[in-house]
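1. Below is the sequence, then the predicted model.
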Amino acid sequence: MDASTGTAGSRPPAEVRQAALLFLFSGVLGMITSFIPGSLGYGLNSLRVIDAAALAVAGVAFFLVPWDRWSPRITLALVPVALLLIALSERSGGVPAPIYGVWFMMTFAWVGMWHPARTSLWCAPVGVAAYLIPFVGRPTPTGYASSVFIAVPAAVVLGEVMSRTCDAMRQAQAAQRDAMALLAKANLTDDLTGLGNRRRGNALLDDLAPDDALLMLDLDLFKQVNDTYGHPAGDALLADLGRFLEDEVRGSDEVARFGGEEFIVTLRSAGIAGAEKAELLRTRWEQRAPMTTFSVGVAVHRAGHSPSITFAAADRALYAAKMAGRNCVRTAWESKNAVAVP
């Protein structure tokens, strides 16, 4: 079972929160009825002690126990505690006979909701022992104690049904989450290169922070590659460049195919050193003896500027690289009134 965990003093896992609420409910209900004249358990100090113990268990389980330090199975320790308090309440005369078995059903339903199949079976002997506690050393109405052979098996079956049903629901929810994650990834992934697509590229631009460097790469004479060798060769070239960029761009830096043969790379907090990274990328790509080289335009995002300004600067720098003969890097910088290209 996968369950969220909490730390002492913080929010406990969901199964513990639910168990604590059950202890709280039973303790408050029993405490109230013990003070109402005519109600079952009225004036019984022993019952009040048991109800106070239930409230104490709720508080300790919710606020004090560091559940994150142990396996989720450790929460099963709450089961014998709950069954013991139910049995002692019955022995003190605070539980109506028809309700006694119902509390056992609720306890095993909790086991089934939060623990794997067959856990309820392992808890059955504890349930039988707890069920018989009120009848030890005292006269028992005919057939009352034998009801254990009805109540406990029924509780175990309920726990097993709950366990298998909840497990199926969790698996279905996990499969749905995985499917949604795959769909979300597909919506942001370029099919050919495996990199982020134009939508992801726009998101990268929107996330630009001051001093981030933006690189715009464009394959040189890509149309000639398609015309000479065919579009499959052009696609293979794009895929190869995608793998190259994915291997070279690591950490918090990201890359996306912005369209056609154009790619963008964001280098977090790189500043003007982004130009050095761009030159390194260009050199390493050229060393692979590819079908064609690429040109790069570099701009640094400045505080107070919109991503579109930085994008325009990188785009003009890329144009300058093309005009300079291709297979080179050009950078943009800010003048007083506008972003210019050297």
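-> Yep, it's here.

2. and the helix or strand hosting Lys277, what other elements does it pack with?
-> According to DSSP states H and E, Lys277 maps onto helix 274-287. For helix 274-287, the packing partners by 3 or more CB pairs under 8 Å, 6 or more residues apart in numbering; DSSP states H and E come out as strand 213-219, helix 231-248, strand 262-267, strand 294-300, strand 329-331. C-beta coordinates here come from the backbone N, C-alpha and C atoms, glycine included.

3. May I see the buried residues of the longest one?
-> Of the residues in helix 231-248, Gly234, Leu237, Leu238, Ala239, Leu241, Gly242, Phe244, Leu245 count as buried by neighbour count, 16 or more other CB atoms under 10 Å.

4. State the next helix or strand along the chain beyond it.
-> strand 254-259.

5. got the CA positions of that next one in CSV?
-> In CSV, the C-alpha atoms belonging to strand 254-259 read as follows (Å, rounded to 0.1, in the frame of the first residue of the first chain):
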residue,chain,number,x,y,z
GLU,A,254,16.5,23.2,-21.2
VAL,A,255,16.1,22.9,-24.9
ALA,A,256,13.1,22.8,-27.3
ARG,A,257,12.5,22.6,-31.0
PHE,A,258,10.9,25.9,-31.7
GLY,A,259,9.9,25.2,-35.3
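
6. Determine how far it lies from the middle of the whole chain.
-> 27 Å (CA atoms, centre = their mean, to the nearest Å).

7. One more: stretch 130-138?
-> 46 Å.

8. Can you tell me what sits against it?
-> 80, 83-84, 86-88, 90-91, 100, 104, 144-145, 148, 151-152 (CB atoms under 8 Å, 6 or more residues apart in numbering).

9. ends of it, how far apart?
-> 15 Å (CA to CA, to the nearest Å).

10. can you pull the buried residues of stretch 188-206?
-> Buried, per 16+ other CB under 10 Å, within stretch 188-206: Thr189, Asp190, Thr193, Leu195, Gly196, Asn197, Arg200, Gly201, Asn202, Leu204, Leu205.

11. picking up where we left off before, looking at the buried residues of helix 231-248, spot the one nearest Leu158.
-> Gly242 (54.9 Å; CB to CB).

12. tell me the SS of the closest residue to Ser295 other than its chain neighbours?
-> Nearest residue to Ser295, sequence neighbours excluded (CB to CB, 6 or more residues apart in numbering): Ala321, at 3.9 Å. Under DSSP: H, G, I helix; E, B strand; the rest coil, Ala321 falls in the helix class.

13. Kindly provide the distance from Ala321 to Thr293.
-> 11 Å (CB to CB, to the nearest Å).

14. In terms of neighbours, single out the busier of the two.
-> Neighbour tally, Ala321 and Thr293, criterion other CB atoms under 10 Å: the higher count belongs to Ala321, 27 against 14.

15. who touches the more buried one in this structure?
-> Contacts of Ala321 by CB under 8 Å, 6+ apart are Ser295, Val296, Gly297, Cys328, Val329, Arg330.

16. thinking again about what came up before, list buried residues within the contacts of stretch 130-138.
-> Counted by 16+ other CB under 10 Å, the contacts of stretch 130-138 give Leu83, Leu84, Ile86, Ala87, Leu88, Glu90, Arg91, Tyr100, Phe104, Val148, Ala151, Val152 as buried.

17. and the gap between the residue nearest to Pro153 when sequence neighbours are not counted and Leu88?
-> Nearest non-adjacent residue to Pro153, counting by CB to CB, 6+ apart: Ala124, 7.8 Å away. Note on Ala124: its distance to Leu88, by CB to CB, is 20 Å.

18. Check which residues of the host helix or strand of Lys185 are buried.
-> Assigned by DSSP H and E, Lys185 belongs to helix 148-187. For helix 148-187, burial by neighbour count (16+ other CB under 10 Å) applies to Val148, Ala151, Val152, Ala155, Val156, Leu158, Gly159, Glu160, Met162, Ser163, Cys166, Asp167.

19. Cheers, nothing more for now.
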